[in-house]
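Enquirer: model the following, please.
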Amino acid sequence: MNSRWVGEEVGNFQTVLNMCGEEAVDRLRLVSTMWHVVDVGCGIKVQEELENLVGKVPKTGARCEKFDNTATSAWAIVEGLGDERKVLSVQKKMVDNTVDPQIMSGCKWIADLLSM
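Expert: A predicted model of the protein is given here:
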């Protein structure tokens, strides 16, 4: 991670937590990828920074996972989410048409990340 992640991403992470809501935040996973191409030392540092970010909001149930580019790794992450379906806070608010502008900003942030 570069230094811009340090302050900026804490706020964005809080927005993501708000999008999940208390009922579903335990399903939130920050997943590190590209372990098959990154220097292991660098990867470990990024993983530690992600864990530190999650640690800033204890008792949420959110956690970090490491994806090593295998089907086994992917299924371990998915199966770790559990079987019970949970509705995100942002989904409820979209249905009720009461979405907070900060939440929509978080949705844009996630969309931007996914399009990289």
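Enquirer: residue boundaries of the helices in this structure?
Expert: Counting by DSSP state H, residue ranges of the helices within the chain are 4-20, 40-55, 71-79, 89-96, 101-114.
Enquirer: lowest-confidence stretch among these?
Expert: Lowest mean pLDDT of the helices of the chain: helix 101-114, a mean of 64.
Enquirer: need the CA coordinates for stretch 73-86. CSV is fine.
Expert: In CSV, the C-alpha atoms belonging to stretch 73-86 read as follows (Å, rounded to 0.1, in the frame of the first residue of the first chain):
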residue,chain,number,x,y,z
SER,A,73,-8.4,-20.4,-1.4
ALA,A,74,-11.5,-18.8,-3.0
TRP,A,75,-13.9,-21.4,-1.6
ALA,A,76,-12.3,-21.1,1.8
ILE,A,77,-13.1,-17.4,1.8
VAL,A,78,-16.7,-17.9,0.5
GLU,A,79,-17.4,-20.8,2.9
GLY,A,80,-16.1,-18.7,5.8
LEU,A,81,-19.0,-16.3,5.2
GLY,A,82,-21.5,-18.8,6.5
ASP,A,83,-24.8,-20.0,5.2
GLU,A,84,-27.2,-17.4,6.7
ARG,A,85,-28.3,-14.7,4.2
LYS,A,86,-28.0,-11.2,5.5
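Enquirer: next, the buried residues of it.
Expert: Residues residue 73 are the ones in stretch 73-86 that count as buried (16 or more other C-beta atoms under 10 Å). Heads up, the C-betas are built off the backbone N, CA and C, glycines and all.
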